[in-house]
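Visitor: 3D, please:
(chains A and B, ligands or ions: 2)
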Amino acid sequence: MSQDSTNAIDVRQAVKRYGDFTALKTISLSIHDNEFFTLLGPSGCGKTTLLRMIGGFEDVTEGEIFLYGQEIESLPPNKRPVNTVFQNYALFPHMNVLDNVSFGLEMLGKSKPEARQRAGEILELVQLSDFAARKPAQLSGGQQQRVALARALAPQPKVLLLDEPLSALDLKLRKAMQLELKHLQRETGITFIFVTHDQDEALTMSDRIAVMSAGELQQLGDARDIYEKPANRFVADFIGETNLIDVTIKSQDGQRALCEFPNGLTLTCDARAGLEDGQTGHMSIRPERMKLHAAQVNPENFTGRVVENVYAGTHVQSILHLKDDMKLTVRTQNSDLGNSMVFEPGTEVFVDVERGAARLMAH
Amino acid sequence: MATRKFDVRSYPGFLAITVLCLTILYVPLMVVAVYSFNASASIVVWEGFSLRWYGDVFVGPESTKFKVAARNSFVIAIIAASVSTTIATLAATAMIRGGTFRYRTLSFGLISLPLMVPEIVTAVATLIFFNSIGFERGILTILLAHIAFCIPFAYLPIAARMQGIEDTYEQAARDLHATKRQAFTKILLPLMMPGIISGFLLAFIISLDDFIITNFVKGAGVETLPTAIFGAVKQGIKPNIMAISTMLLAFSIVMVTISYFVSKSGENNKP
Ligand SMILES: Nc1ncnc2c1ncn2[C@@H]1O[C@H](COP(=O)(O)OP(=O)(O)OP(=O)(O)O)[C@@H](O)[C@H]1O
Ligand SMILES: [Mg+2]
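Guide: Ligands and ions are numbered 1, 2, ... in the order given. Model prediction:
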C-alpha cells in the first residue's frame, strides 16, 4: 500500500484496547513534515497512549502508523527515528547532564568524543553549558526540562514527541518555555508532536491542533479554526470560554438559520448541514463577540439585566440574565471606549451579537 | 511543652525494657571482645592487656587448622555470594520487569520461603538430596548449599531497590536508541547497584557464619571457620576462640557499615 511519504506521521484507523477497555477508538490523522502539531484533550482521553504508540512503547491493536511513508509497527523503539521528552523527564539519575545528552548519540554508534562534542553544542542551544557536569538531582525543574529536551534533540530525530513537558513548571517559566520550544522547532525543522491538556498552550504554540476526547478525535485544524469554528459542542466548550445554548431550528434558507432559544428568544446565524427544521442543535457564542448597549442598535438585540461584573485585568466579565433568567456571559475589553460599555449591576441593557459570532453545531 | 500523646517513650517500663534488651544483646559480645585481650589463659580472670591470643591464632598450635578453615570460609563466601547475587539480580529483573505473569505471587513466595523454613530442616533436606544423587560430601557440596540458601537473602535488598526504579528510565534508554541489553547494562544495572551490593554483602555474611547446614553437608576433614570454632570449643573454651570471634565480629561490623554507606550513597541517585 503506498502512502504519502511527505507526511511525517500517518495514523490510519488506529485502535488501542487494553483488555476490554478501548483507550483509542479508530483514530486517523496525518501530521505534516516540519509541523508543530498538538494533541489536546482532557485527562484520560488517550493522548499519551497515541504518543506511546508512535514512540513504539505500546503496540497498535488495529490499524497502522506510518512514518514518512514507512509502516513502523514492526520497529522496536530504538530503531525508530523518533525521540521523546517524557512527562516526568526520566533523566538518568546516575549520569551527569552531558552524559545524559550524549547517551542517544553514543547508542547510535558515535564515538565518545564526537557524541560529547555534539551534546555540548546542544546544551549551548538550550543555554545549559554551565551545568554540564551536574547530576539531574542538582537542577531546578526548568533546567531538568531543558536537559530532557536537549537529550531528545541530540540524536536528531525526524519526529520529536513531547508529553506535557511544561506541566510541572510555574506559569512564568511555562510561558518562556513555550516560546523557546516554538523557536527550537523552527530552528531545527524537526516535526514536533506536543501533548497538552492546556488549551491556551495549544492555541499559542501549534501549527495545527487535534482535539481529542474519550479516545476519539473531535476536530483537527489550526488554532483559529478550532476556536472560531468548533466542530461540536465538546470542542466549543473545551477551547476557551463560551456561552452554550440548546436551540431549535425554526426555519432556514440554505445560508442562514433562524434559531430559537429555550426561553423563546430567536437569533439568526449561519446554517449548518445536518440540521433540519424543527431539530435541535447547539449554539456557541464567545463572550468577547457580544457588546452591551444602553439603546437598541439592531432589531435582533436581546434585552437583559446585568447581575454581576468581574474585573479581570484585561477585561470585565459581565454576567447577565436574559428572559426567564437565562444566563449569558459577555466580556468587555478594558479601554476608554470599553469602559463606557460596562453597566452597573441591575441595569437593563441591550446585547448585540456580532454577525458571524453565533456558531451552530449539530452535536 | 505538652508531651505528645502517642510518644512510645511515655509508656511505663519503656526505659527498663530497652536497657534489658541492650544488655542481653551486647554484654556477652563485650565480654568476649574484652577477654580476647586477656593476658591469662583463663577465660574468667583478668590479668592485664595482651595480644597473646591473637598471636596464638596465627602462629599457635591450632593455627594451621584455623588458617585452612578461614580460607575455605572466605573462598566459599565469595563464590556463593557472587553466584547467588547474580541469580537474585536476574530473578528480580524477571519478577519486577517481567510484567504480570501467572504464578507471580507463587514465584515470589517460592523465592522468599526458605527464609522461614527452620534451618535444621533445610540442612537435613540438603544432606538427603546430596546423598540421593550420590554426591560426595566436600567443599563443593558446601558451596552448592550456600549458593542455594543465600539466594533469598541476596534477592530481598535487590528487589526492594528495583521496586523503587520506575520503568520510564529503561523506556527513555530504548527511546534513545539503546538495545534491550544496553538499557539493562547502562541504565537499570547502575541504578540497581546499591541493592546489588547490599545483597552481596548480606549473602557473604550469611555464608561466612553459617554453621548448621555446613556442618551437615561438609565432608569429613573439611572445615569452615564456624565448624572449626565449634570443634575447638568442644575441647574447652580457650581465649584464642575469643580472639577469632572478635575478629569475625569486627569484620561483620565493617561489612555492615559498608552496606549502610552504600545504600546511603544510593539515596543521592535515587530516581
Ligand atoms: N496500561 C494500561 N492499561 C489499562 N488502561 C490504560 C493503560 N494505560 C492507559 N490506560 C487508560 O487509557 C486511557 C487513556 O490514557 P492516557 O494515558 O493516554 O491519557 P492522557 O490523555 O495522556 O491523560 P493525561 O492528560 O492524564 O496524561 C485512560 O483511561 C487510562 O486509564
Ligand atoms: Mg498523559
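
Visitor: Doesn't A:T22 belong to a helix?
Guide: No - counting by DSSP: H, G, I helix; E, B strand; the rest coil, A:T22 is not part of a helix but strand.

Visitor: can you count the residues close to it?
Guide: 16 (other Cβ atoms under 10 Å in any protein chain shown). Where C-beta positions appear, they are placed from N, C-alpha and C, glycine not excepted.

Visitor: Walking through the stretch 1-150 of chain A, point out its helices one by one.
Guide: Here the stretch 1-150 of chain A has its helices, by DSSP state H, counting those that start in this stretch, at A:47-55, A:97-107, A:112-125, A:141-153.

Visitor: How far away from the center of its chain is the shortest one?
Guide: What that stands for is helix A:47-55. 16 Å (Cα atoms, centre = their mean, to the nearest Å).

Visitor: and what of the third one?
Guide: When distances are taken as Cα atoms, centre = their mean, helix A:112-125 is centred 33 Å away from the chain's centroid.

Visitor: can you list the residues that contact it?
Guide: If you take Cβ atoms under 8 Å, 6 or more residues apart in numbering or on different chains as the criterion, helix A:112-125 is touched by A:97-98, A:101-102, A:105-106, A:110, A:129, A:131-132, A:150, A:153-154, A:184, A:187.

Visitor: Number of residues surrounding residue 158?
Guide: Assuming you mean chain A. Other residues lying near A:K158 total 16 when counted by other Cβ under 10 Å.

Visitor: Not quite, go with chain B.
Guide: 27.

Visitor: So for the host helix or strand of B:V34, what gets flagged as buried?
Guide: Element membership of B:V34, judged by DSSP states H and E, is helix B:14-35. Going by neighbour count (16 or more other Cβ atoms under 10 Å in any protein chain shown), the buried part of helix B:14-35 is B:V32, B:A33, B:Y35.

Visitor: likewise stretch A:172-182?
Guide: By neighbour count on 16+ other Cβ under 10 Å, the buried set for stretch A:172-182 is A:R174, A:M177, A:Q178, A:E180, A:L181, A:K182.

Visitor: What pLDDT is listed against the closest residue to the fifth one other than its chain neighbours?
Guide: So the one you mean is A:L181. The shortest distance from A:L181 to any non-neighbouring residue, by Cβ to Cβ, 6 or more residues apart in numbering or on different chains, is to A:M205 (6.7 Å). The score at A:M205 is 92. That number is its pLDDT.

Visitor: Please state the backbone phi and psi of A:M205?
Guide: Torsion angles at A:M205 (phi, psi; degrees, to the nearest 10) stand at phi -100, psi -30.

Visitor: what about it, distance to ligand 1?
Guide: Distance of A:M205 to ligand 1, given as Cβ to the nearest ligand atom, to the nearest Å: 17 Å.

Visitor: next one: A:F343
Guide: When distance is defined by Cβ to the nearest ligand atom, A:F343 is 40 Å away from ligand 1.

Visitor: my guess is that residue meets A:V306, correct?
Guide: Yes - judged on Cβ atoms under 8 Å, A:F343 makes contact with A:V306 at a distance of 5.0 Å.

Visitor: circling back to that earlier point, and the contacts of helix A:112-125, which are buried?
Guide: A:97-98, A:101-102, A:105-106, A:110, A:131-132, A:150, A:153-154, A:184.

Visitor: most centrally placed residue in chain A?
Guide: The centroid of chain A falls nearest to A:A202 when counting by Cα atoms, centre = their mean (3.4 Å).

Visitor: Of all the residues in the host helix or strand of that residue, which ones are buried?
Guide: Per DSSP H and E: A:A202 is located in helix A:199-205. By neighbour count with 16+ other Cβ under 10 Å, helix A:199-205 contains the buried residues A:Q199, A:E201, A:A202, A:L203, A:M205.

Visitor: name the helices or strands packed onto that helix?
Guide: strand A:36-40, helix A:171-188, strand A:191-196, helix A:223-228 (3 or more Cβ pairs under 8 Å, 6 or more residues apart in numbering or on different chains; DSSP states H and E).

Visitor: mind listing what the first one pairs with, with the direction of each?
Guide: Using DSSP bridges, the strands paired with strand A:36-40 are strand A:191-196 (parallel), strand A:208-213 (parallel).

Visitor: what angle sits between it and helix A:171-188?
Guide: Strand A:36-40 and helix A:171-188 are oriented at 140 degrees to each other (axes from the mean of the first three to the mean of the last three Cα atoms, to 10 degrees).

Visitor: Tell me how many other residues crowd A:S335.
Guide: Other residues close to A:S335 by other Cβ under 10 Å number 11.

Visitor: So for residue 50, what's the pLDDT?
Guide: Picking chain A for this. For A:L50, pLDDT reads 95.

Visitor: Let me rephrase: I mean chain B.
Guide: 86.

Visitor: Equivalent analysis for B:D175, please.
Guide: With respect to pLDDT, B:D175 scores 95.

Visitor: and it, what does it touch?
Guide: B:D175 neighbours (Cβ under 8 Å, 6+ apart): A:G55, A:G56, A:F57, A:P77, A:N78, A:V82, A:N83, A:T84, A:A152.

Visitor: sorry, back to before: report the two of the contacts of helix A:112-125 separated the most.
Guide: Largest separation among these by Cβ to Cβ: A:E106 and A:E187, giving 24.0 Å.

Visitor: Quick one: name whatever helix or strand follows the helix or strand of chain B with the lowest mean pLDDT.
Guide: Counting by mean pLDDT, DSSP states H and E, the weakest-scoring helix or strand in chain B turns out to be helix B:104-112, with a mean of 80. Next in sequence after helix B:104-112, counting helices and strands by DSSP H and E, comes helix B:119-132.

Visitor: In that next one, which residues are buried?
Guide: B:T122, B:A123, B:T126, B:L127, B:F130.

Visitor: by contact count, what packs against it?
Guide: Using 3+ Cβ pairs under 8 Å, 6+ apart, helix B:119-132 sits against helix B:139-163, helix B:212-217.

Visitor: Up against chain A, what does the stretch 151-271 of chain B have?
Guide: Taking Cβ under 8 Å from any Cβ of the partner chain as the contact definition, the stretch 151-271 of chain B meets chain A at B:166, B:168-169, B:171-179, B:182, B:186-187, B:190-191, B:268-271.

Visitor: Okay, and the beta partners of A:H282?
Guide: Beta-bridge pairing for A:H282 (DSSP bridges): A:D246, A:M361.

Visitor: hmm, back to that, now render the buried residues of helix B:119-132 as TSV, adding pLDDT.
Guide: TSV is the format used below for these (pLDDT from 0 to 100):
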residue	pLDDT
B:T122	89
B:A123	91
B:T126	90
B:L127	91
B:F130	91
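
Visitor: how about the residues you listed, which pair is most distant?
Guide: Within those, two members stand farthest from each other by Cβ to Cβ: B:T122 and B:F130, at 12.4 Å.

Visitor: which intervals of the stretch 151-271 of chain B have sub-threshold pLDDT?
Guide: Along the stretch 151-271 of chain B, the model assigns pLDDT under 70 to residues B:266-271.
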